[in-house]
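Peer 1: sequence first, then the predicted structure, then my questions.
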Amino acid sequence: MQKIRYILFDFDGTLADSVDTALQLYNKVAPEYNCKPIHGEARELLSAKNPTRYFKEYGVTPFKLFLLVFRIRRELGKHMLDIPLVHGMEKSLRNLQQAGYKLGILTSNSKKNVEQFLAHNQLNDLFNFVYSGRHLFGKDKIIKTLIKKEKLFEGGIVYVGDETRDVLAMKKAHIPIISVSWGLSSAAKLATLHPEALIHQPEELNPELILHMGNSL
């Protein structure tokens with residue numbers, strides 16, 4: 001049995017309902033980088049196991065992707081007050097905090113954007129830290145850096161995220177993950193990677209689930 005102490009959250013798609021806004025911004029700026037827009041089911045390609053393979057079809061080279069991420073982060077900063085918190089998430093977060101868990105955010109979005117969002121939604125008091133890192137293809141490495149910086153007990157962490165890449169990264173980092181099906185990746189796609197838990201509503205993210213995960217580790 002292992003006691004979970006820290007719950008780390010992805011931001012976009014997990015806490016903030018921002019996936020559609022981010023894709024709209026990508027489609028808006030893509031022509032400036034000679035990249036094709038992404039529509040409909042093609043959004044699933046963004047969470048593929050090997051995204052660089054699919055990005056090539058849209059003209060997105062690794063260098064262009066680097067530029068696009070920072071451009072979209074900047075553009076998102078203009079829309080943070082319009083992006084909603086995932087419905088039902090605040091109650092779940094407060095229940096977890098009241099149960100004694102320490103909460104943190106690991107994101108590729110900018111820290112400024114996230115803090116603006118948290119302040120607007122009156123959630124500042126819930127999170128012990130916000131960590132922003134360039135982890136498009138190496139979140140497992142970034143989370144190791146975060147663990148050292150924040151002096152976290154590595155064996156007492158669970159991660160919450162919405163992408164298949166999150167599952168793959170946490171398996172590399174040997175950190176259990178709760179996958180959520182309301183973000184970028186579909187429930188069916190997430191299930192193929194066998195996360196420790198797969199949930200479909202924020203209400204399912206509760207102290208009982210975290211305790212159960214700790215008992216099963």
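Peer 2: On my side now, so go ahead. Numbers count the residues shown, from 1 in each chain.

Peer 1: check which helix or strand covers the spatially closest residue to Ala173 that is not a sequence neighbour.
Peer 2: Among residues not flanking Ala173 along the chain, Asp140 sits closest, at 4.2 Å (Cβ to Cβ, 6 or more residues apart in numbering). In this view, the C-beta of every residue, glycine as well, is placed from N, C-alpha and C. Secondary structure assignment for Asp140, by DSSP states H and E: helix 139-150.

Peer 1: what's the answer for Glu75, then?
Peer 2: Assigned by DSSP H and E, Glu75 belongs to helix 62-76.

Peer 1: helix/strand/coil for Gln24?
Peer 2: helix (DSSP: H, G, I helix; E, B strand; the rest coil).

Peer 1: oh, I was asking about Ser179
Peer 2: With three-state DSSP as the basis, Ser179 sits in strand.

Peer 1: contacting residues around it?
Peer 2: Contact analysis of Ser179 by Cβ atoms under 8 Å, 6 or more residues apart in numbering lists 161-162, 166-167, 185, 190, 193, 195, 197-199.

Peer 1: tell me how far the closest residue to Val29 other than its chain neighbours lies from Asp166.
Peer 2: Using Cβ to Cβ, 6+ apart and skipping the chain neighbours, the partner closest in space to Val29 is Arg71 (5.6 Å). With distances taken as Cβ to Cβ, to the nearest Å, Arg71 is found 23 Å from Asp166.

Peer 1: what's the closest non-adjacent residue to the residue lying farthest from the centre of the chain?
Peer 2: What lies farthest from the middle of the chain is Asn34; by Cα atoms, centre = their mean that is 27.3 Å. Take Asn34 and drop its neighbours on the chain: the residue closest to it by Cβ to Cβ, 6+ apart is Gly59, 5.5 Å away.

Peer 1: repeat for Lys112
Peer 2: Using Cβ to Cβ, 6+ apart, the nearest residue to Lys112 is Gly77, at 6.7 Å.

Peer 1: do the same with Ala197
Peer 2: Ile178 (4.5 Å).

Peer 1: so what sits opposite the one you found in the bridge?
Peer 2: Beta-bridge pairing for Ile178 (DSSP bridges): Val160, Ala197.

Peer 1: residues in contact with it?
Peer 2: Contacts of Ile178 by Cβ under 8 Å, 6+ apart are 158-161, 195-199, 205, 209, 213.
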